[in-house]
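Peer 1: Can you look at this prediction? I've put the sequence above it.
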Protein chains: 2
Amino acid sequence: MNKKGLAILMRTKMRPLPPAAIKRVNQMEVPPQENSNVVSSTPNASINPPRDFEQVRDSMHSAILMNKTEILDAALSEFCEGYFSLSKENRRKLLLTLAREYDLDRIQVRELMKQYLGLELPIGEKAQHSSGQQEELSLSAFYRIERNLRHALKPNYEVLFERLNTHPGGLKFLSDIRADILSFLAEENFPSLRALDSYLKEKLGTWLSPANLELHNITWDDPASLLEKIVAYEAVHPISSLLDLKRRLGVGRRCFGYLHPAIPGEPLIFIEVALMKDVAETIQEVLWDDPPIPECEATSALFYSISSTQPGLSGINLGKFLIKRVIDVVKKDMPIISIFATLSPIPGYMQWLLSKLASSEISGPTFRENLLKQEEEGALVDAAVEFSSSKNGMEVMKYLLTSTNYEWTKSAKIISVLRPPMMRLCARYLLQEKKRGKALDSVANFHLQNGAMIGRLNWMADRSEKGLTQSGGIMVNYIYRVENIEENAHSYYSKGHIQATSDVSCFVEETCWS
Amino acid sequence: MNKKGLAILMRTKMRPLPPAAIKRVNQMEVPPQENSNVVSSTPNASINPPRDFEQVRDSMHSAILMNKTEILDAALSEFCEGYFSLSKENRRKLLLTLAREYDLDRIQVRELMKQYLGLELPIGEKAQHSSGQQEELSLSAFYRIERNLRHALKPNYEVLFERLNTHPGGLKFLSDIRADILSFLAEENFPSLRALDSYLKEKLGTWLSPANLELHNITWDDPASLLEKIVAYEAVHPISSLLDLKRRLGVGRRCFGYLHPAIPGEPLIFIEVALMKDVAETIQEVLWDDPPIPECEATSALFYSISSTQPGLSGINLGKFLIKRVIDVVKKDMPIISIFATLSPIPGYMQWLLSKLASSEISGPTFRENLLKQEEEGALVDAAVEFSSSKNGMEVMKYLLTSTNYEWTKSAKIISVLRPPMMRLCARYLLQEKKRGKALDSVANFHLQNGAMIGRLNWMADRSEKGLTQSGGIMVNYIYRVENIEENAHSYYSKGHIQATSDVSCFVEETCWS
């Protein structure tokens, strides 16, 4: 290792991120709802003296109402610091104060609406799209009130958001308080806070528009302060050592991050890519120590990890743009690479399957849905005769899957009889199980909204404890075809359509429920 | 000159910007309205084949309605290229089509308004700010319709703006079409186009938020492609040669620009700074060849030129943030520097003064306002006896100021009698003459809205032909006091208050109109 490498090594070892400061949301792994524990991890809590609620509330009022430059900057800084010194309870109280006291002026909104409804629509407008100069002029009053209404519909707390956005560190702070807001809302529904969240989310989405983000090819030559972020936030396949990190940035691999000028040295989201001959079927193929092929022989780019570092940006989809940009860059750099795919976990599969098997038991024989085909049931009961005397295939399946230490994975026979129903039901889970019209599985939802299609299910692709618990060891390749990304994303978003290769969809189509 | 410097020199000399591509708007010099000539200078017009109106209109429709990634990108590129191949007349037609056909849906807006007005305001809301959980819930319906209304009030052309913003080169294109829109509106009022402009301006303002801009210290080590932009856009004190440019980036001077990641290598606005012992009184003191003092002795930073490069960003004030950031950077770098000021032209003074003198002639003796004090009038008539036999001071003044070749500047006697009324009336012009509540002078308006105060008037500070024509050679120092910037800007914006030192305001206060 060269001198610089050693220096980075030492620095990273000497200054690890404090565990409490490491916030993880990984779009491949953790659904956004699960970040409620984020609240306790506050960047400055240990450094700054605690302040009481009234102090911080007053600095918030000042930050909104002040106009003197130096005092304003001081008030904003004071508010940011003070906020994180508050208890969770007081932070919620403060955010509710903000949402309620700096709401919009409904009296004014109603007044403008009455004026608007009093205007006569020009004839052309009623009959759609006209362009006469006369009608142009008669629309002037509409344009004016529409503009005023747009402004009147902005809540007063927008001032605070705008000011924080141009305040050093303010954008990051806004993302941090949104993480708080989301966790409060997960506990209890406050309509005013939900309205504030939806407004803040939209503002953050505008400020973090891809046009404002810089794609950075993260390499071993980057500052250690940036690399330590990668180590801290990588949650899909944790980085075990500095050598591991160096390999992930080395030959046969790439790492790209999106950076925002106002949050320097901290990628908002990053993606790890492996250059391969074929699309990997198991995670072992990807986590190599030495590259299996020279880079020039690679024809596939495999996205094996995408990590988002900011829980407060939940729902703001940076992944789609990042993936598109990365595909562009890789294609330009290595034109021979023509396949872009992921190797992804299916975090919700086993939970769904086990609850299906359990509810089937409760429903009783008349109403229960038999998840298994006749031949699958027969094979299962026969093969498992030494473990279970039950003649009910679903009972046997549940028994096997919940056995301690994943006993079932130690018998080739059991593995082979579990495979057909497990794969078929996994395809059903990914393709057909939805929540509010979107894929139930959080990682599937992430890639589908980015415009990917479901490409292939891989049996026994991740035999780690986590892999077996989450998905019975199955992993899935999502495929990104540049020419279809936007179209897929749109039809998924608007109609819930899920694109899949015939390899996967035939699992579901051939199904006949007995 | 070193080898690199020479290379830059040659490159810049060999590849000057074509005159047509040089668009200048200088906030110190040219009021924003004057960019109507911009329309003829279109970046790609000469390279791309001309397209007819229908072709480009169709690509615009596609760019708004398409969802297929590759086609969408192609449609956006096609639209951008096609737009600039159109004649001015067709571009106007196209923008009007956009404004009218992709307007908002007024039927839907009215429907939402009726729903909203049908809701009962909770009692607490009428009596201002309440916080009960019950009222929270009753507000849910308001929050919902407000959010829907915010969306319904977005015109449909927003899709195009949003898509262009994330399309390579799209942000610059949006700024270019806004320059067109402004010039069309200057010629004729189209309410629909004005509404589109106001909407686009707001979007651009959000995307170009200072948090998204990077402050770059422009030096002789920057790429020639960036430096040639400085040469092209510097309009206050044109850069005469590469040596001149090198000096402006050399010892005793600084140059800072704001760059946006989506418009690389082209500062949106830049400022030139001279490090001085005292605040300069004349432009000669600033345009030195060799620095008059070592940098370490400097206690003032003089902003001698601010140039905005994008006419399409008119009305989006980047200057205020740039100046604030530059003051921060300079202060940090050289703590001994405590004074931040400009040396600025007063472009509208002579025009105003001469029209005042002329209207006074027309009004006749009864109604005319005597601009001169008795002693000023006496001194003028006496001193100018060899040029004019008139006993009317204002007639004499007008005669002298309009004499060919600025004859008046050649006589010390005439200069000395013109000085008191010229300085006094200049103070009046800057402090009291307004248009819609804002300073009539465009440069004054620029600095006042940035939060500066008027510091000192300088007699015979710019004896160039331009200086004499615009302001009788007077220049003004605007002073930026960090602690007052926000406060001054706010009180100017909201009440039209103009801050000035007593040196300047006493000119006006001691006045008694005869």
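Peer 2: Right, received. Where do you want to start?

Peer 1: Walking through chain A, point out its strands one by one.
Peer 2: For chain A, the strands defined by DSSP state E cover A:214-217, A:253-259, A:269-276, A:300-308, A:339-342, A:434-435, A:438-439, A:453-458, A:475-480.

Peer 1: Redo those strands as JSON lines? Include mean pLDDT and mean neighbour count.
Peer 2: C-beta coordinates here come from the backbone N, C-alpha and C atoms, glycine included. Putting these into JSON lines (pLDDT from 0 to 100; neighbours: other Cβ atoms under 10 Å in any protein chain shown) gives the following:
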{"stretch": "strand A:214-217", "mean pLDDT": "92", "mean neighbour count": "15"}
{"stretch": "strand A:253-259", "mean pLDDT": "95", "mean neighbour count": "22"}
{"stretch": "strand A:269-276", "mean pLDDT": "95", "mean neighbour count": "24"}
{"stretch": "strand A:300-308", "mean pLDDT": "93", "mean neighbour count": "24"}
{"stretch": "strand A:339-342", "mean pLDDT": "95", "mean neighbour count": "24"}
{"stretch": "strand A:434-435", "mean pLDDT": "92", "mean neighbour count": "12"}
{"stretch": "strand A:438-439", "mean pLDDT": "94", "mean neighbour count": "20"}
{"stretch": "strand A:453-458", "mean pLDDT": "96", "mean neighbour count": "22"}
{"stretch": "strand A:475-480", "mean pLDDT": "96", "mean neighbour count": "25"}
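
Peer 1: Pull the number of nearby residues for the residue nearest to residue A:104 when sequence neighbours are not counted.
Peer 2: Of all residues not flanking residue A:104 in the chain, residue A:155 sits nearest, at 4.7 Å (Cβ to Cβ, 6 or more residues apart in numbering or on different chains). Residue A:155 has 21 neighbours, counted by other Cβ atoms under 10 Å in any protein chain shown.

Peer 1: export the strands of chain A to JSON lines and tack on distance to chain B?
Peer 2: JSON lines is the format used below for those (distance: least, Cβ to the nearest Cβ, whole Å):
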{"stretch": "strand A:214-217", "distance to chain B": "5"}
{"stretch": "strand A:253-259", "distance to chain B": "9"}
{"stretch": "strand A:269-276", "distance to chain B": "16"}
{"stretch": "strand A:300-308", "distance to chain B": "17"}
{"stretch": "strand A:339-342", "distance to chain B": "13"}
{"stretch": "strand A:434-435", "distance to chain B": "21"}
{"stretch": "strand A:438-439", "distance to chain B": "18"}
{"stretch": "strand A:453-458", "distance to chain B": "13"}
{"stretch": "strand A:475-480", "distance to chain B": "10"}
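
Peer 1: hang on, the earlier thing: what are the phi and psi values for the residue nearest to residue A:104?
Peer 2: phi -60, psi 160 (degrees, to the nearest 10).

Peer 1: Who are the contact partners of it?
Peer 2: With contact taken as Cβ atoms under 8 Å, 6 or more residues apart in numbering or on different chains, residue A:155 is in contact with A:102, A:103, A:104, A:195, A:196, A:199.

Peer 1: Can you tell me which of the residues you listed end up in helices?
Peer 2: Using DSSP state H, A:195, A:196, A:199 are the members of the contacts of residue A:155 that sit in helices.

Peer 1: quick one: which of those residues is nearest to chain B?
Peer 2: Nearest to chain B among those is residue A:195, at 4.0 Å by Cβ to the nearest Cβ.

Peer 1: Tell me the pLDDT of that closest one.
Peer 2: pLDDT, residue A:195: 96.

Peer 1: any idea how far residue A:372 is from the residue lying closest to it once chain neighbours are set aside?
Peer 2: Leaving aside its sequence neighbours, residue A:195 sits nearest to residue B:143 (Cβ to Cβ, 6+ apart; 4.0 Å). Look at residue B:143 and residue A:372: by Cβ to Cβ, to the nearest Å, they are 47 Å apart.

Peer 1: any low-confidence regions in the stretch 1-150 of chain A?
Peer 2: For the stretch 1-150 of chain A, the stretches with pLDDT under 70 are A:1-50, A:67-71, A:123-133.
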